[in-house]
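**Q** A predicted structure for the sequence below; I have some questions about it.
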Amino acid sequence: MSGQGGTEAVCSSTCCGGVPGFGVAALNRLMPMHLTVAANGRILRVGPTLQKLRLGSRLEGMQLFDLFELRRPKGLCHVRDLIETDSGQVSLAFRNGVRGNFKGVAAALPCGHGVLINLSFGISVVDAVQAYDLTLGDFAGTDLAVEMLYLVEAKSAALQESKKLNLRLQGAKVAAEEQAFTDTLTGLKNLRAMDHVLGRLIADGTPFGVMHVDLDFFKEVNDTYGHAAGDLVLQNVARVLVSETRAVDTVARVGGDEFVLIIRDQIDLQKLGNIAMRIIARLEEPVPYNGVYCRISGSIGLTTSIARGRSGQARILKDADLALYASKDAGRGRYTVFTPDLERARRSPDI
Amino acid sequence: MHGLVNRSIQCFVRDTYGTGCWNRVAAVLDLGPDGFETMFSYDDAVTQRLMDEVVRVLDKPHDMVLEDVGTYLVSHPNTESIRRLLRFGGETFADFLHSLEDLPDRARLAVPELRLPCLDLVEESEGRFALHVENLHPGFAFVLVGVLRAMADDYGALALLDQRMAPDGRYVVDISLLDSAFAEGRRFTLARPVGPAKEAAE
C-alpha cells in the first residue's frame, strides 16, 4: 500500500487514501480515528475506531459533509478549505444517530490529493465509550482518553466517599445540637437543660425557687436599634442574671426574651423577692450601644417547689408563668408571687 | 496510614465474616459505630492494632489475612470500583502487570494523599515477571499478592505467584504467566455499567 520511493509512488498510494511512507496498519495504530478525504470530498479511508462508531454502514466512499456536520470553522463547504486555517483545527459532529462532537486536526496530503483528518472525542469521550461500547484497544497508545476515563471514575468514587462522610458529619452535628445544653448566643443553659435540672431536683426532693423572667420593652430595642443591639442587650441580661445568682443555681434562656431561674435550696419568698427586685433594678440600667442607650426592664413570676405541696415540673412552670402574667398585667417592671387566687382569676377573667 | 487502608480492612472483615465479627474488633479498638473514615488519616499504630485484633479474631496468619484483603478488594461486589480502576491498566493480564509501575501515580490522581509503594516490573523471560515492591509498609506486598491473584482470575489468565525477599530488602513477587487466555475472565467495559442491578448480575 505505502509508497516507498519516488514521487509517483507516493501519489499513487495517496490516490487510494493512503499516506505516503505509512502502511495502513501503522496508520491505524497511530491514529485509529483518522480519515483521509479526496479533494472532491469523498472519504477514501477511515481508521478502525471511527468505522466502529458506524458499524452498520461503510464510511469509505461517502461524502465527508453528508456524514459530518462541520461545526467549526463555520461556513466552509470545500474540503480543501479545512487546511487553510492556521492550525487546521476542526470540530465535527455526526449528522445522524448518536451525536457528540469530535475534535480534529486536518493536514494536507501531498500533491493536492486531499486531506488527512485525525479525530478525537475530546471531552465527550465519557459519553462516547458508553454509546459505542469502546475498549482500551480502540484508543491510540498516546491518547489520554483512557487516563481521563480513569480519572473521571476515580474522582467520582472519591467524591462518593466524601459525600458519605459529609452526610455522617451532618447527622452528627444535628445530633450534637439536639443534645446540646447551651444557648449559643448567651452561653446560658437552654430549655432542654432547664427541663433536665428541674426533673432532677424534683426527683431528688430538693426544694427550690423558680423565677420566670420576661423582658419588657425588648421588642422596642430590637425594632429601633436592630438585632445587633438586641443581641447585646440579651448578653447583658445573661450577665446580670448570672451575677445575681449562685453557681448552684440554674439560669436558662427558654425563649427569645424569656428566662427561667432555678434557685436551689431557697423557698423563702421574702429572700426570693429580694433577688427578683435586685434583678429588675439591674435590668433597668441602660445599656450603651453605638452612642445610644438601650433601656429595658423585666417582669417576673415567682413560685417555689413547695407552693402546692409536691407538684410536677409542668405545674411549677405554669404557676411561675401565671405569676409572670400578673406582673405584666399590673404594669411590668415588677415581680409577683404565685398564689392560687391568680389561677382562679385566670380561669374566670374579669369581663 | 490513610483511612482508605483501615476502611478496606474493616469492610473486608464486615463483608467476609459478618457485621458481628467486625463489631467484636471495633469494640476492642473502641471505634465509633461507623468505624474508620475513608477520607481521614490515622496513626500507623492504629492500623497496627487493627491488624493485630483482626488476626486474633479470625485466628489466621497475619500474611494470609492481608492476602485475603487483596483478593477481597478485587473480587467483592462492594469494591467493584477498585476492580474497575485496576482494569483500566490494560487489555490483557500482561498489560496490567506493566501498568502496575504507574499504580502509585494513578492512585495519587484519585486520592492525592494516598501513598503506595513504588513497583518495578522486570520481565525476566517470556511470561516470567519479577515485581519488586518498595519497602514502604511491610504488609503491602501481601495485599498485592492477593490483588494479583484475583486480577489474574479477572482477566481469565492462569498465573503462578511466589514471593521472596530480595537481597536489597525489598519484597519480590515472582509471576509466571502460563496462559493468558486460560478462562473467559470477567467482562470489562470502559463505560461504567448503569445501575447497581446490572453490576450485581455480572
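**A** Yep, it's here. Numbering: from 1, shown residues only, chains lettered A, B, ... in the order given.

**Q** spatially nearest residue to the closest residue to chain B within chain A (excluding sequence neighbours)?
**A** Residue nearest to chain B within chain A: A:Ala154 (3.3 Å; CB to the nearest CB). Every C-beta, even on glycine, is put in place using the N, C-alpha and C of the backbone. Leaving aside its chain neighbours, A:Ala154 sits nearest to B:Ala110 (3.3 Å; criterion: CB to CB, 6 or more residues apart in numbering or on different chains).

**Q** repeat that for A:Arg334.
**A** Leaving aside its sequence neighbours, A:Arg334 sits nearest to A:Ser327 (CB to CB, 6+ apart; 5.1 Å).

**Q** and B:Gly3, by the same measure?
**A** B:Gly3's closest residue in space is B:Phe40 (CB to CB, 6+ apart), at 4.2 Å.

**Q** could I get the phi/psi values of the one you found?
**A** phi -100, psi 170 (degrees, to the nearest 10).

**Q** surely it is in contact with B:Met1?
**A** No: B:Phe40 is not in contact with B:Met1 according to CB atoms under 8 Å; the separation is 10.1 Å.

**Q** hey, where'd the strands end up in the chain?
**A** All of this refers to chain A. A:34-37, A:43-46, A:68-72, A:89-94, A:101-108, A:115-120, A:208-216, A:250-255, A:258-264, A:287-289, A:292-294, A:297-304, A:335-337 (DSSP state E).

**Q** my question was about chain B
**A** Assigned by DSSP E, the strands in chain B fall at B:119-125, B:128-133, B:158-165, B:171-179.

**Q** the closest residue to B:Asp34 other than its chain neighbours and B:Gly35, how far apart?
**A** Spatial nearest neighbour of B:Asp34, chain neighbours left out: A:Arg168 (6.0 Å); criterion: CB to CB, 6+ apart. Separation of A:Arg168 from B:Gly35 (CB to CB, to the nearest Å): 11 Å.

**Q** what residue is smack in the middle of chain B?
**A** By CA atoms, centre = their mean, chain B has its centre lying nearest to B:Gly70, at 3.2 Å.

**Q** chain A now?
**A** A:Asn166 (10.0 Å).

**Q** contacts only, for that one.
**A** Going by CB atoms under 8 Å, 6 or more residues apart in numbering or on different chains, A:Asn166 touches no other residue.

**Q** one more: A:Leu234?
**A** A:Leu234 makes contact with A:Leu185, A:Thr186, A:Phe218, A:Arg253, A:Asp257 under the criterion CB under 8 Å, 6+ apart.

**Q** quick one: name the residues of the stretch 101-250 of chain A near chain B.
**A** A:129-130, A:133-137, A:146, A:149-151, A:153-155, A:157-158, A:161-162, A:164-165, A:168 (CB under 8 Å from any CB of the partner chain).

**Q** residue ranges with poor pLDDT in the chain?
**A** All of this is about chain A. A:1-18, A:85-86, A:347-351 (pLDDT under 70).

**Q** I was thinking of chain B, sorry if that wasn't clear
**A** Looking at chain B by pLDDT under 70, you get B:194-202.

**Q** switch the cut-off to 90
**A** Along chain B, the model assigns pLDDT under 90 to residues B:1, B:30-34, B:37-40, B:89, B:106-115, B:135-139, B:166-170, B:180-183, B:185, B:187-202.

**Q** need the residues of chain B near chain A, please.
**A** B:34, B:37-39, B:81, B:84-85, B:88, B:90-91, B:95, B:106, B:109-111, B:189-192.

**Q** measure the closest residue to A:Phe218 other than its chain neighbours to A:Gly333 for me?
**A** Spatially, and ignoring its direct neighbours in sequence, A:Phe218 is nearest to A:Asp257 (4.3 Å; CB to CB, 6+ apart). Distance, A:Asp257 to A:Gly333, by CB to CB: 14 Å.

**Q** okay, now the residue of chain B found nearest chain A: neighbour count?
**A** Closest residue of chain B to chain A, CB to the nearest CB: B:Ala110 (3.3 Å). B:Ala110 is flanked by 19 other residues according to other CB atoms under 10 Å in any protein chain shown.

**Q** surely it meets A:Gln160?
**A** No: using CB under 8 Å, B:Ala110 is not in contact with A:Gln160; the gap is 11.7 Å.

**Q** quick one: contacts for the closest residue in space to A:Gly88 that isn't next to it in sequence?
**A** Of all residues not flanking A:Gly88 in the chain, A:Ala106 sits nearest, at 4.5 Å (CB to CB, 6+ apart). When contacts are counted by CB under 8 Å, 6+ apart, A:Ala106 touches A:Leu82, A:Ile83, A:Gly88, A:Gln89, A:Val90, A:Val115, A:Leu116, A:Ile117.

**Q** ok, now B:Gly185?
**A** Shown in contact with B:Gly185 (CB under 8 Å, 6+ apart): B:Asp153, B:Asp154, B:Tyr155, B:Gly156, B:Ala157.

**Q** CSV for those, including neighbour count?
**A** Formatted as CSV, the contacts of B:Gly185 follow (neighbours: other CB atoms under 10 Å in any protein chain shown):
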residue, neighbour count
B:Asp153, 19
B:Asp154, 20
B:Tyr155, 27
B:Gly156, 16
B:Ala157, 22
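
**Q** out of the residues you listed, who's nearest A:Asp341?
**A** Distances from A:Asp341 to the contacts of B:Gly185, taken as CB to CB, are shortest for B:Asp154 (85.8 Å).

**Q** that closest one contacts B:Arg83, doesn't it?
**A** Yes: in this structure, B:Asp154 is within contact of B:Arg83 by CB under 8 Å, at 6.6 Å.

**Q** which residues are in contact with each of these two?
**A** With CB under 8 Å, 6+ apart, B:Asp154 and B:Arg83 have common neighbours B:Val74, B:Ser75.

**Q** what's in contact with stretch A:216-227?
**A** So stretch A:216-227 is contacted by A:229-230, A:233-234, A:256-257, A:289-290, A:292, A:294-299, A:328, A:332-333 (CB under 8 Å, 6+ apart).

**Q** mind listing the helices for the stretch 1-150 of chain A?
**A** Secondary structure of the stretch 1-150 of chain A (DSSP state H, counting those that start in this stretch): helices at A:7-15, A:24-30, A:48-52, A:64-67, A:125-132, A:145-179.

**Q** please apply the same query to chain B.
**A** Applying DSSP state H to chain B gives helices spanning B:3-17, B:19-29, B:44-58, B:62-75, B:80-87, B:93-99, B:103-110, B:140-155, B:196-201.

**Q** show me how the chain divides into domains.
**A** You didn't pick a chain, so chain A it is. With domains defined by automatic domain parsing, chain A comprises A:7-141, A:144-179, A:191-347.

**Q** hmm, I had chain B in mind actually
**A** Looking at automatic domain parsing, the domains of chain B come to B:3-59, B:79-179.

**Q** for these, which one sits closest to A:Glu60?
**A** Closest to A:Glu60 of those is domain B:79-179 (CB to CB; 26.5 Å).

**Q** span of that closest one from start to end?
**A** For domain B:79-179, the first-to-last residue distance is 26 Å (CA to CA, to the nearest Å).

**Q** and if you look at stretch B:93-112?
**A** Terminal-residue distance, stretch B:93-112 (CA to CA): 27 Å.

**Q** tell me how far that stretch lies from the chain's centre.
**A** Taking the mean C-alpha point of stretch B:93-112 and that of its whole chain, the gap between them comes to 12 Å (CA atoms, centre = their mean, to the nearest Å).
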